[in-house]
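**Q** A structural model of the following input is requested.
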Amino acid sequence: MKPFKAAVAQAASNPVDPLASAEKAAAMIREAAGEGARLIVFPEAFLGGYPKGASFGAPIGMRKPEGREAFKAYYERAIDLDGDEVALIAEATAETGIFAVMGCIERDGGTLYCTVLFFDGEQGLVGKHRKLMPTAGERLIWGFGDGSTMPVFETPLGRIGAVICWENYMPMLRMHMYSQGISLYCAPTADDRDTWLPTMRHIALEGRCFVLTACQHITRAAYPDDHECALGDDPATVLMRGGSAIVDPLGRVLAGPDFDGEALLYAEIDMGSVARGKYDFDVTGHYARPDVFQLTVDDRPKRAVSAISGKSA
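**A** Residues are numbered from 1 along each chain as shown. Below is the predicted model of the structure:
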């Protein structure tokens with residue numbers, strides 16, 4: 001397999017207009033493809049927005065009316081998978097042939113999910129991953145994914161999958177991804193701390209895979225005036241400072257981290273590096289001890305209601 005160029009998109013979404021975010025993402029897809037990139041990874045919640053600093057009016061034992069209104073507004077800004085936003089991204093990937101990994105807030109019934117969508121060129125939307133474990137206050141506004149959306153896709157570029165933000169601190173989830181032979185490990189995130197890059201380097205070394213992490217660079221000015229923000233209301237306040245990066249299977253940083261603003265970061269991906277890395281460490285292969293440790297993964301869909309019909313055909 002010949003080396004190819006990959007990109008991570010460090011960009012601010014439009015928290016109140018998912019269609020505008022999709023249009024921006026489509027433009028960045030075309031720009032990255034014009035630079036020769038064949039894979040691009042976008043941040044967590046790029047379509048639908050990450051409500052940084054908001055509490056949704058929920059002290060313990062209470063739900064304030066203004067919190068209900070804030071959730072209603074957030075719900076209305078989420079996307080449907082058959083909506084215009086998805087169609088725009090699918091159009092851009094079909095036009096360019098690029099594989100895109102896109103963070104979004106997915107609306108399903110009355111529940112929102114923090115989701116990653118996978119777009120494969122002419123095939124369009126080929127799958128999704130719903131965040132299994134929202135972190136802290138995220139549990140108030142997002143539902144929990146189940147084991148049925150933890151895919152790794154076989155592509156001409158390599159085996160592509162995604163783990164969202166602090167899911168990356170779940171060792172058993174990482175092991176499941178490694179067991180599927182992931183070689184292009186995508187990590188959309190909202191974590192811009194100095195501790196994030198060491199985590200990405202550890203995962204690259206542990207899985208002997210390329211890790212591509214994307215975080216927004218966004219200021220308070222991107223949000224409406226009535227957005228409740230624990231970080232204050234100065235429009236210049238940086239709510240997420242980026243830190244996007246690409247790391248190789250031996251933990252070497254190929255691009256980033258970038259904290260200076262919006263950017264497209266690129267790196268050359270040589271898939272031969274995966275085999276070179278696994279020469280001395282294959283975490284679910286020759287370096288595993290299944291006689292001592294085993295992991296069972298339940299990847300069945302979990303539905304609240306399942307109908308069993310006795311009607312004849």
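**Q** Can you say which helix or strand has Arg303 in it?
**A** Under DSSP states H and E, no helix or strand contains Arg303.
**Q** residues touching it, list them.
**A** Not one residue lies near Arg303 by Cβ atoms under 8 Å, 6 or more residues apart in numbering. No exception for glycine: its C-beta is placed from N, CA and C like everyone else's.
**Q** Can you report phi and psi for it?
**A** phi -110, psi 140 (degrees, to the nearest 10).
**Q** go on, Gly49?
**A** Taking degrees, to the nearest 10 as the convention, Gly49 sits at phi 90, psi 150.
**Q** Next: Asp299.
**A** Residue torsions, per degrees, to the nearest 10, at Asp299 are phi -100, psi 20.
**Q** so what's it closest to, chain neighbours aside?
**A** Nearest non-adjacent residue to Asp299, counting by Cβ to Cβ, 6 or more residues apart in numbering: Gly147, 4.2 Å away.
**Q** these two touch, right, that neighbour and Val297?
**A** Yes: at 6.3 Å, Gly147 and Val297 qualify as touching, with contact defined as Cβ atoms under 8 Å.
**Q** okay, now Met133: neighbour count?
**A** Using other Cβ atoms under 10 Å, Met133 has 17 other residues around it.
**Q** Return the residues in contact with the residue nearest to Val86 when sequence neighbours are not counted.
**A** If the residues on either side of it in the chain are set aside, Val86 comes closest to Leu125, at 5.9 Å by Cβ to Cβ, 6+ apart. Applying Cβ under 8 Å, 6+ apart, we find Leu125 in contact with Leu81, Val86, Ile89, Ala90, Leu117, Phe118, Phe119.
**Q** Now do Leu125, the pLDDT please.
**A** Per-residue confidence (pLDDT) for Leu125: 97.
**Q** Any idea what it is bridged to?
**A** Judged by DSSP bridges, the bridge partners of Leu125 are Phe119.
**Q** and the gap between it and Pro224?
**A** 29 Å (Cβ to Cβ, to the nearest Å).
**Q** what residues are up against Asp248?
**A** Neighbours of Asp248 in contact, by Cβ under 8 Å, 6+ apart: Ala204, Phe210, Leu254, Ser273.
**Q** List the ones among the residues you listed that fall in helices.
**A** Ala204, Ser273 (DSSP state H).
**Q** mind putting the contacts of Asp248 in TSV, distance to Leu132, neighbour count and pLDDT included?
**A** Formatted as TSV, the contacts of Asp248 follow (distance: Cβ to Cβ, whole Å; neighbours: other Cβ atoms under 10 Å; pLDDT from 0 to 100):
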residue	distance to Leu132	neighbour count	pLDDT
Ala204	21	27	98
Phe210	22	28	98
Leu254	28	20	98
Ser273	29	20	97
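**Q** How far off centre is the longest helix seen in the chain?
**A** With residue count as the measure and DSSP H as the assignment, the chain has helix 18-34 as its longest helix. Mean-position distance between helix 18-34 and its chain equals 16 Å (Cα atoms, centre = their mean, to the nearest Å).
**Q** For that helix, what does the pLDDT average out to?
**A** Here the average pLDDT along helix 18-34 is 98.
**Q** what about the strands in this structure?
**A** For the chain, the strands defined by DSSP state E cover 4-10, 37-41, 99-108, 111-120, 125-130, 152-155, 158-162, 184-189, 210-215, 217-219, 238-241, 244-247, 253-258, 263-269.
**Q** Tell me which of these sits nearest to Gly61.
**A** Closest of the strands of the chain to Gly61 is strand 111-120, at 22.1 Å (criterion: Cβ to Cβ).
**Q** one step back: would you list the strands of the chain in CSV and tack on distance to Tyr75?
**A** Formatted as CSV, the strands of the chain follow (distance: least, Cβ to Cβ, whole Å):
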stretch, distance to Tyr75
strand 4-10, 25
strand 37-41, 26
strand 99-108, 7
strand 111-120, 6
strand 125-130, 16
strand 152-155, 29
strand 158-162, 24
strand 184-189, 21
strand 210-215, 24
strand 217-219, 21
strand 238-241, 21
strand 244-247, 28
strand 253-258, 32
strand 263-269, 31
